[in-house]
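J.: here are the coordinates; sequence isn't available:
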């Protein structure tokens with residue numbers, strides 16, 4: 001690494017480019033800093049040893065550190081990196097295969113695709129997804145676990161190489177699936193090994209997961225949640241996302257999935273529930289009373305879900321929740337916009353609530369509250385002394401944000417991914433203007449294009465609808481036939 005003094009001449013030129021940030025210690029002077037209380041001017045941020053070491057009034061930090069050359073960042077917002085509380089890093093090779101498909105696409109598309117991945121394609125899929133996440137402003141993602149049989153370390157390798165902080169889920173399903181029940185003792189032993197393997201890692205945080213409650217025994221649900229509580233990490237599962245799953249649980253157990261988890265002792269502060277879109281008032285109280293967290297996935301609801309989670313009600317009840325993409329679109333600014341829009345359409349219009357969170361709520365739940373939901377509250381999520389220096393430099397000198405009257409609202413409704421000039425994790429520059437600074441992303445894209453077709457071809461994927469071009473031809477053909485029939489009945493003899 002370069003020293004601060006080696007960056008001095010570069011800073012003096014008044015230009016910003018990656019070399020400016022090569023020093024081990026950085027004294028940053030942005031136009032604005034997004035703090036817990038909102039955007040503030042006149043602030044300085046000191047980064048050292050991968051952490052925020054001081055955040056405070058500019059003149060005071062300059063006076064305390066005359067040995068450092070400050071880096072002026074006019075027109076830039078320094079803000080915490082976004083945290084995606086629900087992702088599927090090993091589904092990126094499929095992406096738009098699910099567009100327009102009915103619910104429970106995991107059965108027809110994702111499980112078959114993931115099962116077809118070998119170690120190399122697993123790695124490439126995860127690295128592609130990690131790159132997309134960083135480009136979209138996410139410095140952390142929570143991976144829900146993969147069904148691939150290949151070594152899960154490939155996902156960790158992809159995260160390490162890109163610099164993405166990753167909560168890495170290990171799936172503990174012990175019943176259902178093609179092979180029927182699996183030995184629970186073996187799964188538990190592997191789960192314990194996973195937790196110990198990644199404990200204390202700089203970027204990887206271990207987690208245990210069950211895909212949906214019905215594919216794990218009661219004993220496994222309880223054990224996985226308990227192991228996570230003991231290890232100080234999170235237990236993940238998809239709950240109350242689709243009507244079919246809720247009804248299957250009711251038929252099989254006379255309990256809804258969330259009630260099922262509570263009955264076996266799998267709810268609690270260590271548990272992160274993905275989706276929770278179909279929740280009753282009683283279940284909302286259950287989430288609150290057990291301090292269980294929720295990953296709210298608004299884009300997933302609009303693209304392929306059965307409902308929208310009542311996020312505003314969750315906030316009012318004090319239920320912990322963060323925002324997640326569910327692997328749909330790794331764009332943090334559009335995710336916040338989708339979150340606010342979903343609540344406005346489902347709640348605000350009917351109740352006359354024109355605020356729906358006031359802008360700040362979605363910033364909070366995409367950063368600090370997401371860190372809490374992901375079990376990383378003591379690690380990341382804020383620009384605050386002692387936390388990991390996971391942050392973005394966002395260009396404010398753009399027409400969309402000029403003039404500025406309410407920065408939080410502007411970030412939620414106007415900001416774009418292309419305004420992100422720099423992405424840092426652990427104090428290290430990872431992306432500059434959308435591209436990695438220390439590895440060849442173009443080469444990755446070429447390799448993905450080479451292998452994706454074969455991976456999809458060998459997977460027994462079943463799509464209900466054809467691709468859009470074929471669908472268009474079918475629709476247009478039907479219209480032409482209708483037109484010909486109509487013309488035939490009205491043509492004069």
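T.: In hand now; what should we look at? This is a predicted model, so every value here is computed, not measured. Residues are numbered from 1 along each chain as shown.
J.: ok, the closest residue to residue 404 other than its chain neighbours - contacts?
T.: Using CB to CB, 6 or more residues apart in numbering and skipping the chain neighbours, the partner closest in space to residue 404 is residue 410 (6.1 Å). Quick note: C-beta positions are derived from backbone N, CA and C, even for glycine. Residue 410 sits next to 359, 400-401, 404 when contact means CB atoms under 8 Å, 6 or more residues apart in numbering.
J.: could you look up the SS state of residue 410?
T.: For residue 410, the assignment made with DSSP: H, G, I helix; E, B strand; the rest coil gives helix.
J.: give the closest residue to residue 407 in space, chain neighbours not counted.
T.: Excluding the flanking residues, the one nearest residue 407 by CB to CB, 6+ apart is residue 39, at 4.3 Å.
J.: where does the chain dip in pLDDT?
T.: 1-14, 176-181, 488-493 (pLDDT under 70).
J.: centre-most residue in it?
T.: Centrality entry for the chain: nearest residue to the mean C-alpha point is residue 84, 2.1 Å, by CA atoms, centre = their mean.
J.: okay, now the sheet partners of the helix or strand containing that one, with direction.
T.: Taking DSSP states H and E as the definition, residue 84 sits inside strand 82-87. Paired neighbours of strand 82-87 in the sheet (DSSP bridges): strand 138-143 (parallel).
J.: let me know the next secondary structure element after the strand it pairs with.
T.: Per DSSP H and E, the first helix or strand lying C-terminal to strand 138-143 is helix 153-162.
J.: name the residues linked to the residue nearest to residue 407 by a beta bridge.
T.: residue 34.
J.: touching, it and residue 409? I think so.
T.: No: between residue 39 and residue 409 there is no contact under CB atoms under 8 Å: 11.0 Å.
J.: more neighbours, these two?
T.: The neighbour comparison of residue 39 against residue 409 (other CB atoms under 10 Å) goes to residue 39, with 22 against 18.
J.: show me what contacts that one?
T.: Contacts of residue 39 by CB under 8 Å, 6+ apart are 32-33, 77, 407-408.
J.: any idea how far residue 295 is from it?
T.: For residue 39, the distance to residue 295 equals 26 Å [CB to CB, to the nearest Å].
J.: same question, residue 248
T.: Per CB to CB, residue 248 is found 21 Å from residue 295.
J.: using the three-state scheme, assign residue 394.
T.: strand.
J.: neighbours of it, how many?
T.: Using other CB under 10 Å, residue 394 is surrounded by 26 other residues.
J.: isn't it right up against residue 77?
T.: Yes: using CB under 8 Å, residue 394 makes contact with residue 77 at a distance of 4.3 Å.
J.: following the strand holding residue 84, which helix or strand shows up next?
T.: Next along the chain after strand 82-87, taking DSSP H and E as the criterion, comes helix 105.
J.: just the residues contacting that next one, thanks.
T.: So helix 105 is contacted by 98, 304 (CB under 8 Å, 6+ apart).
J.: ok, then the element right after it?
T.: helix 111-115.
J.: thinking again about what came up before, tell me how far the residue nearest to residue 407 lies from residue 393.
T.: Here the criterion is CB to CB. By it, residue 39 lies 14 Å from residue 393.
J.: what is in contact with those two at once?
T.: Joint contacts of residue 39 and residue 393 (CB under 8 Å, 6+ apart) are residue 77.
J.: what about the closest residue to residue 97 other than its chain neighbours, how many residues nearby?
T.: For residue 97, ignoring the flanking residues on the chain, the nearest one in space by CB to CB, 6+ apart is residue 109 at 5.6 Å. A count of nearby residues for residue 109, using other CB under 10 Å, gives 22.
J.: what do you get for the one 5 residues further on?
T.: If you count neighbours by other CB under 10 Å, residue 114 ends up with 25.
J.: got it, and residue 438?
T.: Count around residue 438 with other CB under 10 Å applied: 12.
J.: hang on, it in a helix?
T.: No: Residue 438 is assigned coil when assessed by three-state DSSP, not a helix.
J.: residues in contact with it?
T.: By CB under 8 Å, 6+ apart, no residues touch residue 438.
J.: mind listing the strands for the stretch 101-250 of the chain?
T.: Remark: strands assigned in the stretch 101-250 of the chain by DSSP state E, counting those that start in this stretch are 138-143, 165-171, 204-210, 235-239.
J.: make CSV out of the ones you listed and add mean neighbour count and distance to residue 321.
T.: Below are these laid out as CSV (neighbours: other CB atoms under 10 Å; distance: least, CB to CB, whole Å):
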stretch, mean neighbour count, distance to residue 321
strand 138-143, 30, 13
strand 165-171, 27, 16
strand 204-210, 26, 17
strand 235-239, 29, 13
